[in-house]
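Participant: could you look at this predicted model? Sequence included:
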2 protein chains.
Amino acid sequence: GIIEMKSSSIPIRQRFQTIREEKKTNLCLCADLTSLDEIIELSKQVGPNICMLKIHCDILNDFSMEKIQQLKNISRTFNFLLLEDRKFADIGNTVQLQYTKGLFQIATWADLVTVHVLPGEGIVQALEQSVQSIDEPRGCLLIAQMSSKGALTNNEDYVKGVIKCTEKYSDYVIGFISQSRLTTDNKFIHCTPGIHLNNTGDQLGQQYVTPRQAIDGRGADILIVGRAITDSINRIKTCEEYQQEGYNVYEQLRNI
Amino acid sequence: GIIEMKSSSIPIRQRFQTIREEKKTNLCLCADLTSLDEIIELSKQVGPNICMLKIHCDILNDFSMEKIQQLKNISRTFNFLLLEDRKFADIGNTVQLQYTKGLFQIATWADLVTVHVLPGEGIVQALEQSVQSIDEPRGCLLIAQMSSKGALTNNEDYVKGVIKCTEKYSDYVIGFISQSRLTTDNKFIHCTPGIHLNNTGDQLGQQYVTPRQAIDGRGADILIVGRAITDSINRIKTCEEYQQEGYNVYEQLRNI
């Protein structure tokens, strides 16, 4: 029906394809900074290089609806998707409130959010219901596998449950956060975090792979790069490096 | 060492025992309201009846550090614990920021937080590290089992992973959010959500049990009651009913 079309994620899928071809980038910048002002400035600088910007609104010391609207405008100007990495993980009734209410009102500005299917598929159903009234496309990425050490997602049954849910709610679920290719259905976008050209991990259980390993070995569509860029001396230059490396590997594979 | 003692959860365990005996309550009110002003008012009314108040700071339309400090003061006056049901579910580096930074600064006011061990035990280690500098006892509850339909927590391996983590970090982990008794070690507190005297569920996958089923059948120490109280016509009276029913069942079992 008309109402369902409103909040469908299908235009987001199409937008991702267009962005990748037009801007030649499969890079998602994970801006784990605690200042939204800084993220706004950074996103103006690296906007041309990224297909997606991933943030955590609840770590921002200066969050306001005015500033997040500014960021949303920048995402439209430079044509990248805005992903709130909320990792929703509660029962349906609660996530609906977390998605639409409170100081953040995530549903009003985030093109995409991340979701753990841990509480059962009711979580996805509830989130999808929440955005029926939003007059823009909305979608989510399900967290199928995590890059941290000893993650309890790392078993076959868990991943199967996530894939099943993705297929069932494919109007709203655009794809996965994953460490490997989970389905041959190309409509589902695979986003892989924990990407770094050099490092192999941090002190808190994070484990890294290179862009080539992620795209070639693991079938990633989008590379999520965080501290490799934000901790670098020249963020813009580093961002360009990851964009080029990521897109080169993608093109090489496509032409095989 | 002295620094570790500062943020240890041990005084919280002791406080829970004292509260239960002195106030004769094992009732946790789950105040899933979107107004902190309303929660403050409600907590003044039902403060004497509860051992814990569970909130979601990110659904509050009027959250401020001043108001949350007010709520914290009320929790001290009426002697109940303050639980932020954050359901942390990210890698260590991110949850540290979510716990201590942003508009909420959860670590500064929440006695307890809820945690999914899904990303691996690094999440608990990271949270515990974050509160080393907090000059009050802090602890967490691990979500072992969820009450929602089709929860992917509902398998033996997952619960085993949670129990292992609880035992390993027992200075910081005070117990579980669970649907059944998971360990014979009485130092771990079992909190059971989804309690209702009448209903059997909602339209979004939530499934209810009665206080007697939860305590007698499932070994709950604390009953988490939400909409049964907040949606009732007389919240204070309903709260008293749940307090009495819960404590009666507990006393009966203790005296067997």
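Facilitator: Ah, there it is.
Participant: wait, what's in contact with A:His196?
Facilitator: A:His196 makes contact with A:208-210, A:225, A:227-228, according to CB atoms under 8 Å, 6 or more residues apart in numbering or on different chains. C-beta coordinates here come from the backbone N, C-alpha and C atoms, glycine included.
Participant: what are the buried residues along stretch A:178-187?
Facilitator: Neighbour-count burial for stretch A:178-187 flags A:178-179, A:182-183 (criterion: 16 or more other CB atoms under 10 Å in any protein chain shown).
Participant: and if you look at stretch A:214-234?
Facilitator: A:214-215, A:218-226, A:228-230.
Participant: for stretch A:144-163, same thing?
Facilitator: Using 16+ other CB under 10 Å as the test for burial, stretch A:144-163 gives A:144-153, A:155, A:158-159, A:161-163.
Participant: sorry, back to before: which of the buried residues of stretch A:178-187 sit farthest apart?
Facilitator: Greatest spatial distance among those (CB to CB): A:Gln179 and A:Thr183, at 13.9 Å.
Participant: mind listing what's buried along the strand ranked longest in chain A?
Facilitator: The strand that spans the most residues within chain A, counting by DSSP state E, is strand A:81-88. Residues A:81-88 are the ones in strand A:81-88 that count as buried (16+ other CB under 10 Å).
Participant: would you map the strands across the stretch 151-256 of chain A?
Facilitator: A:173-177, A:189-192, A:222-225 (DSSP state E, counting those that start in this stretch).
Participant: what packs against the first one?
Facilitator: So that's strand A:173-177. Counting contacts by 3 or more CB pairs under 8 Å, 6 or more residues apart in numbering or on different chains; DSSP states H and E, strand A:173-177 is packed against helix A:10-23, strand A:139-143, helix A:156-168, strand A:189-192.
Participant: and it, how far out from the chain's middle?
Facilitator: Centroid separation between strand A:173-177 and its chain, computed with CA atoms, centre = their mean, to the nearest Å, is 8 Å.
Participant: just the angle between it and helix A:10-23, please?
Facilitator: Angle of strand A:173-177 versus helix A:10-23, following axes from the mean of the first three to the mean of the last three CA atoms, to 10 degrees, is 60 degrees.
Participant: listing partners with orientation, what would you give for strand A:173-177?
Facilitator: strand A:139-143 (parallel), strand A:189-192 (parallel) (DSSP bridges).
Participant: quick one: contacts of it?
Facilitator: Here strand A:173-177 makes contact (CB under 8 Å, 6+ apart) with A:9, A:12-13, A:16, A:112, A:114, A:124, A:139-146, A:162, A:165-166, A:182, A:188-193, A:221, A:224.
Participant: returning to that earlier point: from the contacts of A:His196, which single one is nearest chain B?
Facilitator: Distances from chain B to these, taken as CB to the nearest CB, are shortest for A:Arg227 (7.9 Å).
Participant: so the closest one sits against A:Ala31, correct?
Facilitator: No. Using CB atoms under 8 Å, A:Arg227 is not in contact with A:Ala31, being 10.4 Å away.
Participant: near chain B, which residues of the stretch 101-250 of chain A show up?
Facilitator: A:101-104, A:116-123, A:125-126, A:146-153, A:155, A:157-158, A:161, A:202, A:204-206, A:227 (CB under 8 Å from any CB of the partner chain).
Participant: so where do the helices sit in the stretch 101-250 of chain A?
Facilitator: Counting by DSSP state H, counting those that start in this stretch, the stretch 101-250 of chain A has helices at residues A:122-130, A:156-168, A:211-212, A:227-230, A:235-254.
Participant: so, low pLDDT: which residues of chain A?
Facilitator: By pLDDT under 70, the weakly predicted segments of chain A are A:1-7, A:199-206.
Participant: and the residue nearest the centre of it?
Facilitator: A:Leu83 (4.9 Å; CA atoms, centre = their mean).
Participant: that residue and A:Cys51 touch, don't they?
Facilitator: No. The criterion here is CB under 8 Å, and A:Leu83 misses it with A:Cys51 at 10.3 Å.
Participant: list the residues that contact both of these two?
Facilitator: A:Cys28.
Participant: so A:Gly226 is in contact with A:Cys30, correct?
Facilitator: Yes. Shown here, A:Gly226 and A:Cys30 form a contact pair, counting by CB under 8 Å, at 3.5 Å.
Participant: overlap in contacts, those two.
Facilitator: A:54, A:193.
Participant: tabulate the helices of the stretch 101-250 of chain A (JSON lines), appending distance to B:Ile134.
Facilitator: Compiled in JSON lines, the helices of the stretch 101-250 of chain A are given as follows (distance: least, CB to CB, whole Å):
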{"stretch": "helix A:122-130", "distance to B:Ile134": "31"}
{"stretch": "helix A:156-168", "distance to B:Ile134": "33"}
{"stretch": "helix A:211-212", "distance to B:Ile134": "39"}
{"stretch": "helix A:227-230", "distance to B:Ile134": "25"}
{"stretch": "helix A:235-254", "distance to B:Ile134": "32"}
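Participant: for these, which one sits closest to B:Glu241?
Facilitator: Nearest of these to B:Glu241, taken as CB to CB: helix A:122-130 at 28.2 Å.
Participant: okay, angle between that closest one and strand A:81-88 too, please.
Facilitator: Using the same axes, to 10 degrees: helix A:122-130 against strand A:81-88 is 130 degrees.
Participant: ok now helix A:122-130, how far from the chain's centre?
Facilitator: Taking CA atoms, centre = their mean, one finds helix A:122-130 lying 18 Å from the centre of the chain it belongs to.
Participant: relative orientation of it and helix A:156-168 in degrees?
Facilitator: Using the same axes, to 10 degrees: helix A:122-130 against helix A:156-168 is 20 degrees.
Participant: export only the CA atoms of helix A:122-130, formatted as CSV.
Facilitator: Provided in CSV are the C-alpha atoms of helix A:122-130 (Å, rounded to 0.1, in the frame of the first residue of the first chain):
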residue,chain,number,x,y,z
GLY,A,122,9.7,-8.8,16.7
ILE,A,123,12.4,-6.1,17.0
VAL,A,124,12.5,-5.7,13.3
GLN,A,125,8.8,-5.7,12.9
ALA,A,126,8.5,-3.1,15.6
LEU,A,127,11.1,-0.8,14.1
GLU,A,128,9.5,-1.1,10.6
GLN,A,129,6.2,-0.2,12.1
SER,A,130,7.7,2.9,13.7
